[in-house]
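Enquirer: Structure for the following, please:
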Amino acid sequence: MNVSPSNLVQCLWEIAKYPVGVLFQDLSDSEWLQKIRPIWELVESLVDKDLVHSVGVSDLDVDRLRLLCEEAKEHKPTINHYSIDGCCTVPAELVEYAKAHDIQLLTHNDPRSCDLDTDV
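Expert: This is a model prediction of the structure:
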């Protein structure tokens, strides 16, 4: 995959169109993989070119994290930032999977959606 700055910007722009925490969440697993695959291929190419040293994801449950790890050609996520907004614990199955696959599990309690057009 040829990675140019414009390809990266276009990819990030597409992701930024979605409200925080809802990127492709209503898709089936196969539809989700179809959307995520080109993004992850781009991410992996950045690692291959030594432009990025570690890659992470945010708010993937254990099923989606497992799908991404199985789909990754060479570089799996090393971090998953997981929202505990509305609860206090990370699901045990996610903790076990992350531990078994050397994925650092970090938590946050950011709101699931935010309006980026609102002045702070």
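Enquirer: Just the CA atoms of the longest helix anywhere in the chain, as CSV, please.
Expert: When the chain is parsed with DSSP state H, its longest helix is helix 29-48. Only the C-alpha atoms of helix 29-48 are listed here, as CSV (Å, rounded to 0.1, in the frame of the first residue of the first chain):
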residue,chain,number,x,y,z
ASP,A,29,-18.7,-8.1,12.2
SER,A,30,-18.1,-8.7,8.5
GLU,A,31,-19.3,-5.2,7.5
TRP,A,32,-17.2,-3.7,10.3
LEU,A,33,-14.1,-5.6,9.1
GLN,A,34,-14.7,-4.4,5.6
LYS,A,35,-14.7,-0.7,6.8
ILE,A,36,-11.8,-1.2,9.2
ARG,A,37,-9.5,-3.3,6.9
PRO,A,38,-8.3,-0.3,4.7
ILE,A,39,-7.7,1.8,7.8
TRP,A,40,-5.7,-0.9,9.5
GLU,A,41,-3.7,-1.6,6.4
LEU,A,42,-2.7,2.0,6.3
VAL,A,43,-1.8,1.9,10.0
GLU,A,44,0.3,-1.2,9.4
SER,A,45,2.1,0.4,6.5
LEU,A,46,3.1,3.4,8.7
VAL,A,47,4.6,0.9,11.2
ASP,A,48,6.4,-0.9,8.4
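Enquirer: Which strands or helices does it pack on?
Expert: When contacts are defined as 3 or more C-beta pairs under 8 Å, 6 or more residues apart in numbering; DSSP states H and E, helix 29-48 sits against helix 5-16, helix 62-71. For every residue, glycine as well, the C-beta is placed using N, CA and C.
Enquirer: three-state assignment of the residue positioned nearest the centre of the chain?
Expert: Residue closest to the mean C-alpha point of the chain, counted by C-alpha atoms, centre = their mean, is V57 at 2.9 Å. Per DSSP: H, G, I helix; E, B strand; the rest coil, the local secondary structure of V57 is strand.
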